[in-house]
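# requesting a structural model of the entry that follows:
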Amino acid sequence: MSDRFSDREGGRAPHLRVSGTGRLSAGVVWATLLLGLWLWGREVTDVRHGGSAPATGAVAAVGRPTAAVELPPAARPLTGARPQRLDIPDLGVQAPVVARGLDARGALEPPPFGQPGVVGWYAAGAKPGAAGTALMVGHVDTDTRPAVFHRISALRPGETVRVIRDDGRVAEFTVDDVRTLTREHFDAHQAYGPREPGRAELRLITCGGTFDRASRSYTANVIVSAYLTGTGL
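Residues are numbered from 1 along each chain as shown. Reported below is the predicted structural model:
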């Protein structure tokens, strides 16, 4: 089983045409890497709040430009509506969104492995565009090809992510941060918590680091943080 897709920087991947069963048996890597959601959702107080910690070691910044980017002001949050599609123009991604929940172990369920071109939205959390942090997850690859979030680590601050909602509105988010959190030092508050209270924020989450053949899991998560900066129809 090749791990060539874990860090490939090739051209645009055919995200909506990906097929295959995925690298891992259902739930293994997500239960390990996203178990922090169970803790965060129950307001456990012994996790670290290292949001401003240096981006070295366990928390590494990726996808940053060499020069500072002036980011736009945050837009007023929208009323709640369910997401239907996720667009990332700079990566050529247009992906349908399905609602997901937590499994019996308290880990966030990813999209079905047989649908690697689909994005999962944590339906018990915030709706994209509404106040709070909306969570979306997607696979990075399959046994044979890239999947929908294969290249999200290449996103840069200032780039745009759009969520098409079932009320006909388009929530437009601006990327402000891209990080890799290692499995051993996964910080649920840093991954899922709001960067600024009261804003409408979005997190895109996928596997990252390297593929560990012994445990059949990735060693980290890539976390893209964005916030609402505009709306459209």
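# show me what counts as buried in stretch 219-233.
The neighbour-count check on stretch 219-233 (16 or more other C-beta atoms under 10 Å) flags Thr219, Ala220, Asn221, Val222, Ile223, Val224, Ser225, Ala226, Tyr227, Leu228, Thr229, Thr231 as buried. Yep, even glycine has a C-beta here, placed from its N, CA and C like the rest.
# from those, pick the one nearest Val93.
Checking the buried residues of stretch 219-233 against Val93 with C-beta to C-beta, the nearest one is Val224 at 11.7 Å.
# give me the distance between the closest residue in space to Asp167 that isn't next to it in sequence and Arg156.
Counting by C-beta to C-beta, 6 or more residues apart in numbering, Asp167 lies nearest to Ala81, which is 3.9 Å off, once chain neighbours are set aside. Using C-beta to C-beta, to the nearest Å, Ala81 is found at 28 Å from Arg156.
# how about the helices in this protein?
Assigned by DSSP state H, the helices in the chain fall at 28-33, 36-41, 188-192.
# elements contacting the longest strand along the chain?
Of all segments of type strand in the chain, defined using DSSP state E, the longest is strand 217-232. Secondary-structure packing of strand 217-232 (3 or more C-beta pairs under 8 Å, 6 or more residues apart in numbering; DSSP states H and E): helix 28-33, strand 170-182, helix 188-192, strand 200-212.
# what average pLDDT does the first one get?
Spelled out, that is helix 28-33. Helix 28-33 shows an average pLDDT of 40 in the prediction.
# go on, the third one?
Along helix 188-192, the predicted local confidence has a mean pLDDT of 80.
# got the CA coordinates for it in CSV?
Provided in CSV are the C-alpha atoms of helix 188-192 (Å, rounded to 0.1, in the frame of the first residue of the first chain):
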residue,chain,number,x,y,z
ALA,A,188,-9.0,19.7,20.9
HIS,A,189,-9.4,23.4,21.8
GLN,A,190,-6.9,24.5,19.3
ALA,A,191,-8.4,22.3,16.6
TYR,A,192,-12.1,23.0,17.3
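# show me which residues of it are buried.
Within helix 188-192, the residues that count as buried by 16+ other C-beta under 10 Å are Ala188, His189, Gln190, Ala191, Tyr192.
# could I get the full set of strands for the chain?
Using DSSP E, the strands found in the chain span residues 59-61, 83-88, 93-100, 119-122, 132-137, 160-165, 170-182, 200-212, 217-232.
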